[in-house]
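Asks: Here is my input, please return the structure:
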Amino acid sequence: MSFVDKTLKCRDCGNDFVFTAGEQEFYQQKGLMNQPSRCPECRAARRSAAGGVGTRSERAPREMHTVICAECGAETQVPFLPKNDRPVYCSPCYDKVRVARN
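Replies: Residues are numbered from 1 along each chain as shown. Take a look at the predicted model:
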């Protein structure tokens with residue numbers, strides 16, 4: 001399918017903006033069915049006003065849990081609550097175990 005640039009009207013500011021062929025192709029590849037209804041400036045302003053929802057820097061820090069590595073016995077921290085029936089590894093040991101499984 002070939003795409004051509006489309007001129008759309010922003011629903012917030014009312015200004016015309018171009019929905020480029022490249023953007024249309026990107027939307028199709030990502031399975032996005034709707035074309036944008038806001039110009040790039042209004043989209044950016046909306047994201048900014050929302051506080052960057054979903055960005056890593058805006059999230060609360062992860063709760064870490066101290067555990068003992070099942071392989072080497074070192075104390076380490078993990079970002080999940082361990083279950084007693086499953087071994088937990090420090091990062092270097094986890095890398096070794098993961099490689100050994102593949």
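Asks: need the helices for the chain, in chain order.
Replies: Taking DSSP state H, the helices of the chain run over residues 21-29, 40-49, 91-101.
Asks: Residue 73: which of the ones you listed is closest?
Replies: Among these, the nearest to residue 73 by C-beta to C-beta is helix 91-101 (9.7 Å). Yep, even glycine has a C-beta here, placed from its N, CA and C like the rest.
Asks: for the chain, which spans come out with low pLDDT?
Replies: Within the chain, the stretches with pLDDT under 70 are 51-59.
Asks: got a list of what residue 12 touches?
Replies: The neighbours of residue 12, taking C-beta atoms under 8 Å, 6 or more residues apart in numbering as the test, are 38-39, 42, 46.
Asks: ditto for residue 5
Replies: For residue 5, the contacting residues are 18-21, by C-beta under 8 Å, 6+ apart.
Asks: go again using 10 Å as the cut-off
Replies: 18-24 (C-beta atoms under 10 Å, 6 or more residues apart in numbering).
Asks: what's the answer for residue 41, then?
Replies: So residue 41 contacts 10, 12-13, 15, 17 (C-beta under 10 Å, 6+ apart).
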